[in-house]
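A.B. asks: Take this sequence and fold it.
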Amino acid sequence: MGSGCLKVTKYFLFLFNLLFLILGAVILGFGIWILADKTSFISVLQTSSPSVRTGAYILVGVGSLTMLMGFLGCLGAVNEIRCLLGLYFTCLMVILITQVAAGLVIYFQQEELKGELSRIVEKLIEDYDPVNGEDKNLQDAWDYVQKQLTCCGWNGAEEWEKNNILINRSLTAYPCSCSNSSKDAEENTGFCSLDVGVNGTATYADWPVHKQGCVDGVQDWLKDNLGIILGVCTGVAVVEVSHSLIHIHILFLYADSFKDKVIGIFFF
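C.D. replies: Numbering: from 1, shown residues only. All right, here's what the predicted structure looks like:
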């Protein structure tokens, strides 16, 4: 009876660790996505904000460690490898504490992140130069955001009046990615010229562009994606806590009659 229960529990824990491995892979994937994405607003964040890059590296580290623990757990459950149970608990707690800390930092720094985003975008718009290859990836990412969200600037199209190149051209050009004109439908980057002549200096009101800023759309995008990331981290944390409780429960349940056997099976 006892050996049968241990056998069933061993394979149950194998499935548990397999889920652990999969969740770790999801977290790792989010971290890699943040670091590698060059076509969306996340590129603007991770290129300009050290805190976002740090968070991405934390996700990669936690995801990798979680996958490793899950793999070793599967291997140990099947092969009944003997090792110190306390070492496994320690690793689980390190992962759990790291995830909780990262989640709290993201939650309590939302307003600070919003202010940082505003400064990043304003500086990007002011220095935007389609000929300048040094910041091309960053500029292309912001063009992509404006095109996809059908918006212009952070708070509004008027912010583009501060762009150095447009000022030199008396504002007779405008960012193509902001355009709401069908003639600019294929133009995703750079500047487009006004068709109608303007006496003197033009203003953003003369441009055929979307007048609303991107701040609301970007905030919604961040809420959706950060919600997914935090949800996955919470799911992994629940698995980790449940995993630890199951280990402890079974260890005490069979401590007297199956002590050596239990340690060999449930280290992982």
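
A.B. asks: okay, now the domains of the chain?
C.D. replies: Here the domain assignment for the chain is 2-112+225-266, 152-213, based on automatic domain parsing.

A.B. asks: If you average pLDDT over each of the ones you listed, which is lowest?
C.D. replies: Among these, domain 2-112+225-266 carries the lowest mean pLDDT, a mean of 67.

A.B. asks: Do you have the helices of the stretch 151-268 of the chain handy? List them.
C.D. replies: Here the stretch 151-268 of the chain has its helices, by DSSP state H, counting those that start in this stretch, at 164-168, 215-253, 259-266.

A.B. asks: what residues does the first one touch?
C.D. replies: Residues from elsewhere that reach helix 164-168 (CB atoms under 8 Å, 6 or more residues apart in numbering): 126-129, 160-161, 173-174, 191. The C-beta positions use only the backbone N, C-alpha and C, and glycine is treated the same way.

A.B. asks: same thing but 6 Å
C.D. replies: Applying CB atoms under 6 Å, 6 or more residues apart in numbering, the contact partners of helix 164-168 are Ala173.

A.B. asks: List the buried residues in it.
C.D. replies: Using 16 or more other CB atoms under 10 Å as the test for burial, helix 164-168 gives Leu166.

A.B. asks: Can I get that helix in CSV? Just the C-alpha atoms.
C.D. replies: Output in CSV follows, covering the C-alpha atoms of helix 164-168 (Å, rounded to 0.1, in the frame of the first residue of the first chain):
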residue,chain,number,x,y,z
ASN,A,164,15.0,70.3,-35.0
ILE,A,165,14.6,69.2,-38.7
LEU,A,166,11.0,70.3,-38.9
ILE,A,167,11.9,73.7,-37.4
ASN,A,168,14.6,74.2,-40.1
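
A.B. asks: from now on call the first residue 402
C.D. replies: OK, 402 is where the count begins now, so the last one is helix 565-569.

A.B. asks: which ones are touching Ser580?
C.D. replies: Contacts of Ser580 by CB under 6 Å, 6+ apart are 609-610.

A.B. asks: Report the separation between it and Asp596.
C.D. replies: Distance of Ser580 to Asp596, given as CB to CB, to the nearest Å: 12 Å.

A.B. asks: Next: Glu588.
C.D. replies: Distance, Glu588 to Asp596, using CB to CB: 13 Å.
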